[in-house]
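A.B. asks: Attaching a predicted model along with its sequence, questions to come.
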Amino acid sequence: MSASTTSRIALFIDGANLHATAKALGFDIDYKLLLKEFERQGALLRAIYYTPVIEDQEFSSFRPLIDWLDYNGFRVVTKAAKEFVDGSGRRKIKGNMDVDLAVDAMEMAEHIDQMVLFSGDSNFRSLVAAMQRRGVQVTVVSTMIGRPSMIADELRRQADTFIDIAELQSRIRRDAADRQSPREILSPLKPR
């Protein structure tokens, strides 16, 4: 990355999208290593993880991840998701965090030099353009690997910098030994 060590950085993580991207590449993310990776790039002011949660479940397998992130340097933003069965009889979850992420990013624009967006969702193209107009350099992290690609072409083209998460995999991958630990962090909800 080209950010200087004085660059003020904020990470905005579309949790469901990042999980789907890592899963498509066949690895689990070590979020502590993820933070360290970007702390090396400058002054990491915020790391915000956005995810819907199913509110009517007594216990969610995703709760350990949310709690871990909350206690280890991330701000976690959740929204109640609704579970339903579509016309084909498939279980679906509806819970979109795009507006929450966009509002937070716009509110932080004057306080940061670089926004790192972990998402491939084309809905964020307008946000990226708005942040750039405010003088914020925008890096988008997703992947072009796979068919279809996890990154929308218009989002990749709009970003100042695109990082394929496959390039970061060796530095942010969770070790197999960690997967077997009692504090295993389970996968979040899949994107819509």
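C.D. replies: On my side now, so go ahead. Residues are numbered from 1 along each chain as shown.
A.B. asks: Okay, strands next: where are they in the chain?
C.D. replies: 8-14, 43-54, 75-85, 91-94, 114-118, 137-142, 161-164 (DSSP state E).
A.B. asks: Serialize those to JSON lines and add fields for mean neighbour count, distance to Glu154 and mean pLDDT.
C.D. replies: For glycine as for every other residue, the C-beta is placed from the backbone atoms N, C-alpha and C. As requested, these are arranged in JSON lines below (neighbours: other Cβ atoms under 10 Å; distance: least, Cβ to Cβ, whole Å; pLDDT from 0 to 100):
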{"stretch": "strand 8-14", "mean neighbour count": "23", "distance to Glu154": "16", "mean pLDDT": "97"}
{"stretch": "strand 43-54", "mean neighbour count": "20", "distance to Glu154": "21", "mean pLDDT": "93"}
{"stretch": "strand 75-85", "mean neighbour count": "14", "distance to Glu154": "25", "mean pLDDT": "85"}
{"stretch": "strand 91-94", "mean neighbour count": "12", "distance to Glu154": "24", "mean pLDDT": "73"}
{"stretch": "strand 114-118", "mean neighbour count": "25", "distance to Glu154": "13", "mean pLDDT": "98"}
{"stretch": "strand 137-142", "mean neighbour count": "24", "distance to Glu154": "11", "mean pLDDT": "98"}
{"stretch": "strand 161-164", "mean neighbour count": "17", "distance to Glu154": "12", "mean pLDDT": "96"}
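A.B. asks: Make CSV out of these and add distance to Ile151.
C.D. replies: Formatted as CSV, the strands of the chain follow (distance: least, Cβ to Cβ, whole Å):
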stretch, distance to Ile151
strand 8-14, 12
strand 43-54, 18
strand 75-85, 22
strand 91-94, 22
strand 114-118, 11
strand 137-142, 4
strand 161-164, 7
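A.B. asks: To Leu25, which of the ones you listed lies closest?
C.D. replies: Closest of these to Leu25 is strand 161-164, at 9.4 Å (criterion: Cβ to Cβ).
A.B. asks: Can you list the strands that the closest one pairs with?
C.D. replies: In the sheet containing strand 161-164, the strands it pairs with under DSSP bridges are strand 137-142 (parallel).
A.B. asks: Tell me what angle the strand it pairs with forms with strand 114-118.
C.D. replies: Between the direction of strand 137-142 and that of strand 114-118, the angle (axes from the mean of the first three to the mean of the last three Cα atoms, to 10 degrees) works out to 20 degrees.
A.B. asks: what residues does strand 137-142 touch?
C.D. replies: Residues external to strand 137-142 that are found in contact with it (Cβ atoms under 8 Å, 6 or more residues apart in numbering): 1, 3, 7, 17-18, 21, 113-120, 124, 128, 131-132, 150-151, 155-156, 158-165, 168.
A.B. asks: Can you flag which of the residues you listed belong to helices?
C.D. replies: Of the contacts of strand 137-142, the ones assigned to helices by DSSP state H are 17-18, 21, 128, 131-132, 155-156, 158, 165, 168.
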